[in-house]
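Novice: model this:
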Amino acid sequence: GLDREPLVLAGGSAAQSSLIQAFDAGLDIPHEHETTAGFLTGMRAYMPAPHRRFLEDLEAGPSVRGYVGRHRSSYPRLCVAYNEAVESLVRLRAQHIGITGRYIKRFQRDEGTAKGTGGSDFVSFLRKSREETTERLLP
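Specialist: Below you'll find the predicted structure:
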């Protein structure tokens, strides 16, 4: 009853957390860059099916960012609140870069070859993810 082919698993990653991806989906922060899109989508395979469906439903639903953008002149505090939520996520991602960097580099002998989950270039991925988040701030 065992497969003859070995399973290749990525290893632990915050991207496997449906909560982290729900923040992105709920705030309408797409990750479309080649560095982030495939990795984040791939990490959903490690989530329970109901969590994946929840994220898909959030992404398919109405855009909070779009709503705030359309009503910003009538409700300026709504825009402020949206941007504060996005800025909080940017700060979380900045802290994640530091924590991840210290943790991974602690166990690497050669800092030039430090790799993240599944052999990823975690620094580039995390920086691009933070950049994509910052880009969603409403002017």
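
Novice: elements contacting the lengthiest helix in the chain?
Specialist: Assignment by DSSP state H gives helix 76-106 as the longest helix of the chain. Secondary-structure packing of helix 76-106 (3 or more CB pairs under 8 Å, 6 or more residues apart in numbering; DSSP states H and E): helix 64-70, helix 122-134. To be clear about C-beta, it is placed using only N, CA and C from the backbone, and glycine gets the same treatment.

Novice: right, and the ones you listed - which one's nearest residue 10?
Specialist: Of all the helices and strands packed on helix 76-106, it is helix 122-134 that lies closest to residue 10, at 11.8 Å by CB to CB.

Novice: which other helices and strands contact that closest one?
Specialist: helix 76-106.

Novice: Give me the buried positions along the helix it packs on.
Specialist: 78, 79, 82, 86, 89, 90, 93, 96, 97, 100, 101, 104 (16 or more other CB atoms under 10 Å).

Novice: so the residue nearest the centre of the chain is in which element?
Specialist: Among the residues of the chain, the one closest to the centroid is residue 21, at 5.4 Å (CA atoms, centre = their mean). Taking DSSP states H and E as the criterion, residue 21 maps to helix 18-26.

Novice: Lowest average pLDDT across the helices and strands packed on helix 76-106?
Specialist: Ranked by mean pLDDT, the helices and strands packed on helix 76-106 bottom out at helix 122-134, which scores a mean of 93.
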